[in-house]
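> Structural data only, the sequence is not supplied:
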Ligand code: HEM
């Protein structure tokens, strides 16, 4: 069985394989010859020659990491085109977007491609994180790559958020006002942080220039560096985690297949599907553009972008310090430290780890699905009428979570990884419900409303 331990051997194997797929022409330097050399250079110097058959199966990763890469490429290509037309000043930004949309050939389409790629990217990266988490692919040689991945997630959210302001319309102006306002709740340095994020005391020229520089230069450079590091770590861990737990990295005797064509063809199929979906959405739905920014009058309701909406919803129910400082910091710390917890058994490979993992996970999801909407309703229609939910409410929620954790441990005796997974699912489903409530079920004055009654102003 071929192993890619030595790069010299690997290059030779690679040459032989490519040679068998694209036989060398009897006349040297033909087009076929050149194509073969380019393919060999591009594919087999970045990828291993062989990969495990089980990891190529589409349902193992759903190609989510590759999709993220394709979306980033689409964003960069459409972003460069947008830069040719955009003017980053409060006086001209909005008008430059209007003239791009109305006066330039394919201007609206390029903007829509950028808009849809950016939003789909956030969703796809979150699903990729979940895939990695639920297959336990954050142990051993993949530990640090999990942390790099978190850096990528922060970069993508930062890129999305800084781009959100650029059209300088009511939607973007007030969304950025709300989100940067949340920073003000950080004890001690809140005001300083808020002024830093706004590039001044108020949202204005300084904010736009700061966001534009971050969006077009700082964040893309960081993303490119982190992505290179991320891919290199996947390669160093000898590919993605195997769905069969018995295939340890050191003693791997599972069946291997050639990267070219087995993996490459699947990656191409995923990549082309993503491009097709984005193009279709861009052709059917334009990127939104509200009225020009008016610092004197906020829309009602004024909402954060959808990926931060869970925090805005939390802020309605809990003390701002808890909702936008303590809980996010605890969540971020939990995610960073996750691979470094001392697990008795580093369960990884199959989806949801094991049978116990699947049962406890399903139970946690059901509890969150029932309890979160109930808590939202109790707070909205009862506690807020009688003075609002404060620290005591947090105490009750913490006691509930502790009781759930104790019952889970006693009944199922899960491994540490299964236990952590169940708690993760509890918080994940709870946060998803908060986000859905904020995005679709909040109307004027941020009161609960049916989505089909009272569309946002
Ligand atoms: C720009 C964003 C990202 C890109 C382009 C990206 C790309 C990739 C690719 C191509 C792979 C290998 C194949 C696959 O799993 O689909 C991968 C694996 C991995 N990614 Fe990401 N990723 C990104 C963000 C993240 C995030 C947010 C996390 C988690 C915090 C993460 C953690 C990992 C880990 C631990 C692996 C190894 C998984 C395994 O061995 O099974 N990545 N990534």
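Sure thing, it's come through. Keep in mind it's a predicted model, so treat the numbers as computed, not measured.

> all contacts plus neighbour counts: C-alpha atoms, from now on.
OK.

> for the protein, what spans make up the strands?
All strands of the chain, identified by DSSP state E, fall at 50-52, 256-258.

> Buried deepest among those, which one?
strand 50-52 (a mean of 23; mean count of other Cα atoms under 10 Å).

> circling back: may I see the strands of the chain arranged in CSV, with distance to residue 354 as well?
Output for those, formatted as CSV (distance: least, Cα to Cα, whole Å):
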stretch, distance to residue 354
strand 50-52, 21
strand 256-258, 24
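
> Looking at these, which is nearest to residue 175?
strand 50-52 (45.1 Å; Cα to Cα).

> partners of the closest one, with directions?
Looking at strand 50-52 with DSSP bridges, its partner strands are strand 256-258 (antiparallel).

> on that earlier part again, the ligand is nearest to which of the strands of the chain?
For the strands of the chain, the distance to the ligand is smallest for strand 50-52, at 11.8 Å, taking Cα to the nearest ligand atom.

> Do I have it right that residue 365 meets residue 432?
No. Here residue 365 does not reach residue 432: they are 10.8 Å apart, not a contact under Cα atoms under 8 Å.

> Not counting its neighbours along the chain, what's nearest residue 101?
Nearest non-adjacent residue to residue 101, counting by Cα to Cα, 6 or more residues apart in numbering: residue 108, 4.3 Å away.

> Just the buried residues of stretch 70-86, please?
Neighbour counts over stretch 70-86 (16 or more other Cα atoms under 10 Å) mark 70-72, 74-76, 78-79, 82, 85-86 as buried.

> Flag the shaky bits of the stretch 301-450 of the chain, pLDDT-wise.
387-390 (pLDDT under 70).

> Which pLDDT value goes with residue 95?
Listed pLDDT for residue 95 reads 97.

> where does the stretch 151-300 of the chain have low pLDDT?
Along the stretch 151-300 of the chain, segments meeting pLDDT under 70 span 246-254.

> Get me the contact residues on it for the ligand.
152-153, 234, 239-241 (Cα under 6 Å from any ligand atom).

> Let's see that with 5 Å instead.
Remark: the part of the stretch 151-300 of the chain in contact with the ligand comprises 153, 240-241, using Cα under 5 Å from any ligand atom.

> Show the buried residues in those.
153, 240-241.

> ok so, going back, separation between the residue nearest to residue 101 and the ligand?
Using Cα to the nearest ligand atom, to the nearest Å, residue 108 is found at 25 Å from the ligand.

> Pull the contacting residues for the residue in the stretch 201-350 of the chain positioned nearest to the ligand.
Here the residue of the stretch 201-350 of the chain nearest the ligand is residue 240; by Cα to the nearest ligand atom that distance is 3.2 Å. Counting by Cα atoms under 8 Å, 6 or more residues apart in numbering, residue 240 touches 55, 137, 234.

> burial measure for the last one, as a count.
In terms of burial, residue 234 registers 16 neighbours under the definition other Cα atoms under 10 Å.

> One more: the second one?
For residue 137, the neighbour count with other Cα under 10 Å is 26.
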